[in-house]
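Trainee: 3D, please:
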Amino acid sequence: MTTTAPSDVRPDPPESSDDRSLTEFGYRQELHRSLGRYASFAAGFSFISVLTTVFQFFAFGYAFGGPVFFWTWPAVLVGQLLVAACFAELAARYPISGAIYQWSSRLSNLTFGWFAGWIMVIGQIVVVAAAALALQMVLPAIWSGFQLIGDDPTPTSASGAANAAVFGVILLVLTTFVNVIDNRVMSLINRVGVTAEIIGAVLIIVLLLTHSERSPGITFHTGTAAQSGLLGALLVGSFAAAYVMIGFDSAGEMSEETRNPRRVAPRTILTALGAAGLLGGLIILAGLLAAPSLTDGRLGVEGLSYVLTSSLGDGVGRALLADVVVAIAVAVLAIQTAACRMLFSMARDGQLPFSGRLAKVNPRTGMPTAPAVVVGVLAAALLLLNFASPEAFLAIGTTCIVMLYLAYAMVIGPLLVKRLRGQFPGTDGTDGTDGVDEEGRPLFSLGRWGVPVNALALLYGLFMSVNLAWPRADVYDPAGGHWYFQWFTVLFLAITLVLGAAYRVYKARATVAEEAPAYA
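Mentor: Next comes the predicted model:
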């Protein structure tokens, strides 16, 4: 006698090669694997979000470096491409969410990898807050009515900082909502936003170049902005490029939701950074060439918004600025998504407080809901610092860069040690790939260039971390009297490490207590 299964019971779908690859790492497929090559590219590109970050930090770079700060852009791009090349190798061998945490743990040990993930996720939360503040650089330039608080839209003024916080919180509410709806909705918004951003970036470049007021030779001048000599101008001016070109690892973060991740993710990591680097450099150059004046002080305060509306007219300029608003919104969404995947990955391993809740994935949407809410709430709380002092704008922005640079170094460093020991990740068979991707082609590899590229990437990352965190009073506390802002990055990092260490000690003791035998 045979029986028939109820109509609402469906057999498990056949396991794909992507799912089997995840199983070999000890995880089951819970996130929905629905992202293709362009969606993977969009994940990395939208985190970088060249329009968001260039518009946010152009004024700062020019104010401290003058026109010569342009040359910090190709220098940082080369350094970050070295890092991205190493990450591309790792993405091919370890296509797992929580990339930085997973890579560092597998290259070193769980404790070291945990701190890399801890620093990274805290840094990502700070980046979410910093990116949300970028709306203040654009909205009041589109319409003065967007200045809801006071009448000075400058982000470093009291009213500008408070207004930035208000719009930042509103944006975080929207992105948090999208991050809990559905994986496919989030991806669609991301792809549409990235397409609009690329089109807008190309239009801005072309239109500004057709309105050039001077020759490219101006980029060799420090102008009246640089007060600390050429080297000082370049070191501080590099903050803008350093802030822009981070987050390309997001393509790796989304590996568990990407089809054929071993083949797709490495290439989208590199193409996302390369495309953003090229477009961003051209936007900065075009802005310097088309600015109505380099000496009236407005370029170091209002930045590229001033150039667009002054050179292209209010109508065209504001239309392009509206495109920048879209880019900012999509950037905040993408960064929040990456932070959610990091929280999910660490919680899935039981490595965070409330891990059971944070690791839960909604089976219908394929989204980890609790991490999205946690990231949104914590980022919004950071924005409240802007009400306390305008200096918080720069402190938040620089802190997040340092956190991510350090987390990157905590991957690149162990990777270099593995290379020098002849233990290149994946060649020992632990990843189950036999050195090929889903299409049977060799995994992305730097080959004999691995050691020099890896070593230069580590040196660059450590140098930039020190440069960014250095407590320069004229940068972090220009008004004086706020020592905590001058040392904000160092203090924030120290507090992050202390809290992380305290939790690790508590967890270790709790584990020992649970495993201890009970006696009657």
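
Trainee: low-confidence stretches in this protein?
Mentor: For the chain, applying pLDDT under 70 flags the ranges 1-20, 223-229, 390-394, 425-434, 479, 514-520.

Trainee: which residues in it form strands?
Mentor: With DSSP state E as the criterion, the chain has no strands.

Trainee: tell me the centre residue of it?
Mentor: Nearest to the geometric centre of the chain sits Gly247, at 3.1 Å (C-alpha atoms, centre = their mean).

Trainee: is it true that that residue touches Phe45?
Mentor: No - applying C-beta atoms under 8 Å, one finds Gly247 not in contact with Phe45, separated by 9.1 Å. Placement of C-beta: from N, CA and C, glycine included.

Trainee: what's the spacing between the residue nearest to the centre of the chain and Val361?
Mentor: Distance of Gly247 to Val361, computed by C-beta to C-beta, to the nearest Å: 23 Å.

Trainee: hang on, the earlier thing: leaving out chain neighbours, which residue sits closest to the residue nearest to the centre of the chain?
Mentor: Excluding its sequence neighbours, the residue lying closest to Gly247 (C-beta to C-beta, 6 or more residues apart in numbering) is Phe47, at 3.1 Å.

Trainee: quick one: contacts for that neighbour?
Mentor: Going by C-beta atoms under 8 Å, 6 or more residues apart in numbering, Phe47 touches Ile246, Gly247, Phe248, Ser250, Ala331, Ala334, Ile335, Ala338.

Trainee: try it again at 7 Å.
Mentor: Residues near Phe47 by C-beta atoms under 7 Å, 6 or more residues apart in numbering: Gly247, Ser250, Ala331, Ala334, Ile335, Ala338.

Trainee: could you check how far it is from Leu207?
Mentor: With C-beta to C-beta as the criterion, Phe47 and Leu207 are 26 Å apart.

Trainee: scan this protein for its longest helix.
Mentor: The longest helix of the chain (DSSP state H) is helix 314-348.

Trainee: how far away from the center of its chain is that one?
Mentor: For helix 314-348, the separation from the chain centroid amounts to 10 Å (computed by C-alpha atoms, centre = their mean, to the nearest Å).

Trainee: quick check: buried residues in that helix?
Mentor: 317-318, 320-321, 323-348 (16 or more other C-beta atoms under 10 Å).

Trainee: pretty sure Phe70 contacts Thr219?
Mentor: Yes - contact criterion C-beta atoms under 7 Å: Phe70 and Thr219 qualify, at 4.4 Å.

Trainee: quickly list what's touching both of those two.
Mentor: Both Phe70 and Thr219 are in contact with Leu285, Leu288, where contact means C-beta under 7 Å, 6+ apart.

Trainee: between these two, who's got more neighbours?
Mentor: Phe70 (23 against 18; other C-beta atoms under 10 Å).

Trainee: now do the helices in the stretch 151-300 of the chain.
Mentor: 158-181, 183-209, 229-244, 250-253, 261-290 (DSSP state H, counting those that start in this stretch).

Trainee: tell me the angle the second one makes with helix 261-290.
Mentor: For helix 183-209 against helix 261-290, the angle between stretch directions is 30 degrees (axes from the mean of the first three to the mean of the last three C-alpha atoms, to 10 degrees).

Trainee: show me what contacts the closest residue to Gly193 other than its chain neighbours?
Mentor: Among residues not flanking Gly193 along the chain, Val330 sits closest, at 3.0 Å (C-beta to C-beta, 6+ apart). Val330 makes contact with Ser46, Ser49, Ile189, Asn190, Gly193, Val194, Glu197, according to C-beta under 7 Å, 6+ apart.

Trainee: give me that answer again for 10 Å
Mentor: Counting by C-beta atoms under 10 Å, 6 or more residues apart in numbering, Val330 touches 42, 45-47, 49, 51-52, 175, 178, 189-197.

Trainee: separation between it and Gly397?
Mentor: Val330 is 19 Å from Gly397, by C-beta to C-beta.

Trainee: could you do Gly461 as well?
Mentor: Taking C-beta to C-beta as the measure, Gly461 falls 18 Å from Gly397.

Trainee: do the same with Ala510
Mentor: 37 Å.

Trainee: between these two, who's got more neighbours?
Mentor: Shown here are Ala510 and Gly397; by other C-beta under 10 Å, Gly397 has more neighbours (26 against 10).

Trainee: what is the burial count for the nearest residue to that one once chain neighbours are set aside?
Mentor: Nearest non-adjacent residue to Gly397, counting by C-beta to C-beta, 6+ apart: Ala130, 4.5 Å away. Around Ala130 there are 29 other residues, counting by other C-beta under 10 Å.

Trainee: what's near enough to touch Asp151?
Mentor: For Asp151, counting by C-beta under 10 Å, 6+ apart, the contacting residues are Pro140, Ser144, Ser157, Ser159, Gly160.

Trainee: count of neighbours near the closest residue to the first one other than its chain neighbours?
Mentor: Counting by C-beta to C-beta, 6+ apart, Pro153 is the residue found nearest to Pro140 once chain neighbours are left out, at 3.6 Å. Using other C-beta under 10 Å as the criterion, Pro153 is surrounded by 23 other residues.

Trainee: ok, Pro153 - contacts?
Mentor: By C-beta under 10 Å, 6+ apart, Pro153 lies in contact with 136-141, 144, 146-147, 159-160, 163-164, 301-302, 305.

Trainee: and of those, the nearest to Arg37?
Mentor: Taking C-beta to C-beta as the measure, Arg37 lies nearest Val138 of the contacts of Pro153, at 30.1 Å.

Trainee: and the gap between the closest one and Val54?
Mentor: 11 Å.

Trainee: correct me, but Gln29 touches Thr23?
Mentor: Yes - if you go by C-beta atoms under 10 Å, Gln29 and Thr23 touch, sitting 7.8 Å apart.

Trainee: neighbour-wise, which of those two wins?
Mentor: Gln29 (19 against 13).

Trainee: phi and psi next, for that one.
Mentor: Dihedral pair for Gln29: phi -70, psi 110, per degrees, to the nearest 10.

Trainee: pull up the gap between it and Thr271, please.
Mentor: For Gln29, the distance to Thr271 equals 26 Å [C-beta to C-beta].

Trainee: now Val192
Mentor: Between Val192 and Thr271 the distance, using C-beta to C-beta, works out to 19 Å.

Trainee: the more surrounded of these two?
Mentor: The residue with more neighbours, out of Val192 and Thr271, is Thr271; 18 against 13, by other C-beta under 10 Å.

Trainee: how about the contacts made by the more buried one?
Mentor: Going by C-beta under 10 Å, 6+ apart, Thr271 touches Arg37, Ser40, Phe41, Gly44, Phe45, Ala84, Phe248, Ala251.

Trainee: ok, 7 Å please
Mentor: With contact set as C-beta under 7 Å, 6+ apart, Thr271 has these partners: Phe41.

Trainee: next one: Thr176
Mentor: For Thr176, the contact set (C-beta under 7 Å, 6+ apart) comprises Ala372, Val373, Gly376.
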